[in-house]
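3D model of this:
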Amino acid sequence: MSFQGRPIAIWAFPGLMLAAMLFVLGSDAGGIAARLRSVLFDSYQTSQPRPYQDTLAHAGYAVRTLDADMASLKRFGPWPWPHAVLARLARELKTQGAALAVFAFPLDAPDAASPRSLLAQLPSGPENDPLRTALTQMTSPDDGLAAAMSQLASVTGFTLGASEVVQAPQIRAPLRFIGSKNPFGHVPAFTTAEGAIPAVERTSLGIGALNLPGDADGRLRRMPLAFRLNGVAVPSLTAEMLRVIQNKRHLDLRSDEGDIGLIGAEPGIASVEAQNIDIPTAPDGAIWIAFAGDNPQRAISAAALDDGTLPHARLANAIVILGPPDATIATPDGLRSVAAVYAEAMENILTGTPLRRPASATEAELICLAIFGLATIILFARFGVLWSGLFTIASIAGALFVSWRLYTADRVLFDALGPGLALALTFMTGAIVRAVGVTNARARVRAAFADSLPAGVIEQIARRPELLKLDGVSRTVSYLHCGVREFSGLAESFKDDPAAFTRLMQRVLVPLMDVALARGGTIDRLTADGFSAFWNAPLDDPEHAIHACEAANAMMETIARSNEVITHERRNDGVAFSAIEIGIGISTSQAIAGGFSAHGRTAYSVTGDCAVEAERIQELSAQYGPAVIVAEDTRKAAERGFAFLEVDYIAAGAHDAPMKLYAMLGSPVMRASPKFRALLTFHDHIFQSLRTQQWDKARDLIEQCRKLSGASQRLYDLHLARIAYFQDNPPGENWDGAFRPILK
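Reported below is the predicted structural model:
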């Protein structure tokens with residue numbers, strides 16, 4: 001089946017691949033699209049990370065991490081540190097002028113050193129009641145931590161999805177949204193949560209979820225701002241930091257109202273207001289973190305804070321984040337501590353520099369893929385692999401450039417890798433279909449024309465089957481007929497050894513046919529004594545006459561080499577093989593080229609005067625001497641490449657138009673030689689004398705010409721015989737100079 005002159009497979013299979021890739025990328029089947037995006041966006045962050053910028057001057061708040069480094073672990077002991085140590089550090093933060101302390105780890109268990117922890121070990125009974133009362137009234141490290149936190153704005157967290165809940169969190173500031181449609185449908189949902197101990201929770205100005213969900217590959221690329229707990233939108237730890245520093249009772253997230261893309265979608269979160277600017281988010285309320293990497297200006301040693309060796313104002317108006325030192329998170333920037341990840345996210349928010357991936361980005365990418373994919377298929381089907389391949393490469397390169405430019409200039413994440421691979425797969429599918437089609441077509445063409453078409457022509461037709469027009473077209477064709485001279489006598493001499501005769505003809509004709517094919521000829525048919533070939537069909541050959549003459553010249557060299565071998569062999573009766581002599585006739589004229597297919601075979605040939613003339617010229621060639629004889633139209637078309645000498649002026653019948661015949665004697669070098677020019681001059685005078693019936697003058701010129709180098713004695717004997725004939729049978733005053741009786 002075909003469409004628009006091309007096999008339907010050329011359109012269908014790339015189209016199916018394009019449709020499949022649109023589905024895979026649009027639905028993120030198997031997480032393929034997300035993984036490809038991650039690879040591209042991670043490479044961007046690795047190549048050009050966010051420049052570190054201290055947020056104090058820009059937003060009025062510095063962001064610092066309180067690191068549990070080796071010196072701190074040596075001073076305070078292994079992690080987790082007692083609540084007394086945390087209280088001590090909180091008091092030092094207050095002294096240093098910190099604006100907010102963030103505890104980025106669960107505080108859901110009482111301190112192990114708390115007197116209350118001994119209550120469970122006391123035996124029951126009234127005799128232990130006084131001791132129980134005393135332990136209850138003793139000051140606890142938990143109370144000390146709560147007291148220290150009450151002097152400094154603090155944010156603590158709860159863990160969503162806890163399997164065992166001892167203390168459910170008391171959500172102090174549920175999230176709200178701006179807009180008419182609830183945007184929290186995309187937000188991750190949970191049914192359980194484990195909160196901090198009551199003393200800590202009561203003194204915390206902010207309580208947010210500690211969960212940091214990564215992508216399918218385990219890397220954290222986005223910082224969540226919202227979750228759902230039993231249907232209620234609750235803030236993350238980062239959201240609570242943002243709310244507290246803005247001194248708001250609630251953090252408002254803006255709804256996108258579902259008005260994204262061409263057809264809309266379920267409402268999602270569009271942005272969050274921070275420091276009087278809107279920070280764009282993903283529909284699930286997460287922000288894409290632009291990582292800057294670890295920076296010594298951000299990190300503060302807990303030991304240095306405790307011993308008072310920090311530079312002056314190092315923590316002035318700072319958001320200080322303390323995280324567990326033994327917990328690391330995989331990010332595009334490598335393994336980072338929990339505190340560092342929170343710090344990176346807050347720096348993004350405070351400076352307004354998070355990465356942006358618009359909600360309609362996927363739809364825009366799919367539309368671009370559809371447009372460029374269809375263009376690739378159309379180019380492939382209409383113009384072939386080269387133009388389609390160049391367009392595909394240019395499209396992928398252009399998409400990657402645009403994607404990189406959007407990242408570097410506008411911090412926008414536009415995926416060019418997934419659509420680029422999809423476009424490449426679409427092209428490759430077309431190329432594979434094309435290659436299979438070409439292979440099958442090559443096999444069919446080779447099966448039909450292996451012995452008649454040159455290999456280059458077979459390859460071109462296999463790639464473009466429309467080049468082989470079987471319906472029939474009119475073309476100017478150069479037709480060559482090659483035959484063995486004195487064939488009947490040769491066959492008679494082998495009547496007792498037919499096998500040797502067959503081998504001999506094969507050794508003679510096969511190399512000659514190979515020469516014709518090598519020079520671009522198409523083998524037309526085989527005869528008992530030779531074969532025919534033509535040029536300029538089925539493919540265009542502007543130099544067809546020259547190529548036919550080149551083939552004839554090469555055939556003469558080939559038969560000479562074959563004879564060198566043949567003459568050294570003998571038949572079964574001991575008689576040595578004689579040298580084989582061939583004759584070649586070439587004619588050029590208009591012909592009808594075409595063919596048909598039947599019973600699994602395809603025939604292709606040409607029909608015209610040139611075919612008849614070439615065979616007739618070959619039959620006459622023996623009487624002239626030279627092996628290659630051409631018609632006048634062939635001589636005109638190939639004259640710049642060979643030396644031609646007029647040998648006859650004949651006509652097939654009394655009323656047929658005569659034609660001039662020429663012997664092909666060599667290359668342009670011979671044509672320029674003095675000997676050939678002398679021979680050419682003599683022949684011009686001879687034929688002029690013959691046409692004017694000056695028989696004696698023609699006879700004298702022939703006798704003189706016999707003595708020249710390169711003269712054919714057989715040709716001159718022929719013309720002397722004709723002169724004698726016409727002296728006895730005068731042709732009349734209106735004779736046109738053609739020797740018709742000779743052809744009877």
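
Now S163. Nearest residue, chain neighbours left out?
Closest residue in space to S163, ignoring its immediate chain neighbours: T192 at 7.5 Å, by C-beta to C-beta, 6 or more residues apart in numbering. Where you see a C-beta, it was placed from the backbone N, CA and C, and this is true even at glycine.

And the pLDDT at the one you found?
Looking at T192, its pLDDT is 94.

And it, its phi and psi?
The phi and psi torsions at T192 (degrees, to the nearest 10) take the values phi -130, psi 160.

And it, how close does it get to L107?
Using C-beta to C-beta, to the nearest Å, we find T192 at a distance of 18 Å from L107.

Compare these two (neighbour count), which wins?
L107 (24 against 14; other C-beta atoms under 10 Å).

residues in contact with the closest residue to that one other than its chain neighbours?
Nearest non-adjacent residue to L107, counting by C-beta to C-beta, 6+ apart: A196, 4.3 Å away. Going by C-beta atoms under 8 Å, 6 or more residues apart in numbering, A196 touches P106, L107, D108, T156, G157, F158, Q167, P169, S204, I207.

Please list the members of those residues that lie in strands.
In strands, defined here by DSSP state E, the members of the contacts of A196 are T156, G157, F158, I207.

Out of the residues you listed, flag the one nearest to G585.
G157 (100.4 Å; C-beta to C-beta).

Quick one: neighbours of that closest one, just the number.
By other C-beta under 10 Å, neighbour count at G157 equals 27.

Return the residues in contact with it.
F103, A104, F105, P106, L107, A196, I207, G208, A209, L210, L237.

try it again with 6 Å
G208, L210, L237 (C-beta atoms under 6 Å, 6 or more residues apart in numbering).

Also Q460?
Contacts of Q460 (C-beta under 6 Å, 6+ apart): none.

Wait, a strand at it?
No: going by DSSP: H, G, I helix; E, B strand; the rest coil, the assignment for Q460 is helix, not a strand.

re the thing from before, I'd guessed the residue nearest to S163 sits against A162; true?
Yes: counting by C-beta atoms under 6 Å, A162 is a contact partner of T192 at 5.4 Å.

So, low pLDDT: which residues of the stretch 301-450 of the chain?
441-442, 444-450 (pLDDT under 70).

Show me where it has its strands.
318-322, 328-331, 334-337 (DSSP state E, counting those that start in this stretch).

Could you say which of these is packed most deeply?
Most buried of these by mean neighbour count (mean count of other C-beta atoms under 10 Å) is strand 318-322; its value is a mean of 26.

What lies in contact with it?
Strand 318-322 is touched from outside by 61-66, 93, 98, 100-104, 339, 342-343, with contacts defined as C-beta under 6 Å, 6+ apart.

among those residues, who's most crowded?
Neighbour-wise, the contacts of strand 318-322 (other C-beta under 10 Å) top out at V102, 31 neighbours.

Could you check how far that one is from L322?
7 Å.

So, low pLDDT: which residues of the stretch 101-250 of the chain?
Those would be 114-122, 125, 127-129, 131-139, if you go by pLDDT under 70 across the stretch 101-250 of the chain.

which residue is nearest the middle of the protein?
A424 (4.0 Å; C-alpha atoms, centre = their mean).

Check the spacing between that one and H685 real quick.
In terms of C-beta to C-beta, A424 sits 73 Å off from H685.

Over to F401?
Taken as C-beta to C-beta, the span from F401 to H685 is 76 Å.

For these two, indicate the residue with more neighbours.
Neighbours were counted for F401 and for H685 using other C-beta under 10 Å; H685 has more, 17 against 11.

for the helix or strand harbouring that one, packing partners?
Using DSSP states H and E, H685 falls within helix 674-691. The helices and strands touching helix 674-691, judged by 3 or more C-beta pairs under 6 Å, 6 or more residues apart in numbering; DSSP states H and E, are strand 643-650, helix 695-705.

what's the most buried one of the ones you listed?
strand 643-650 (a mean of 21).

Quick check: can you name the pairing partners of it and their directions?
strand 659-666 (antiparallel) (DSSP bridges).

Show the subsequent helix or strand relative to the strand it pairs with.
helix 668-671.

ok, now how distant is F291 from G334?
From F291 over to G334 (counting by C-beta to C-beta), the distance is 9 Å.

How about G26?
Relative to G334, G26 is positioned 31 Å away (C-beta to C-beta).
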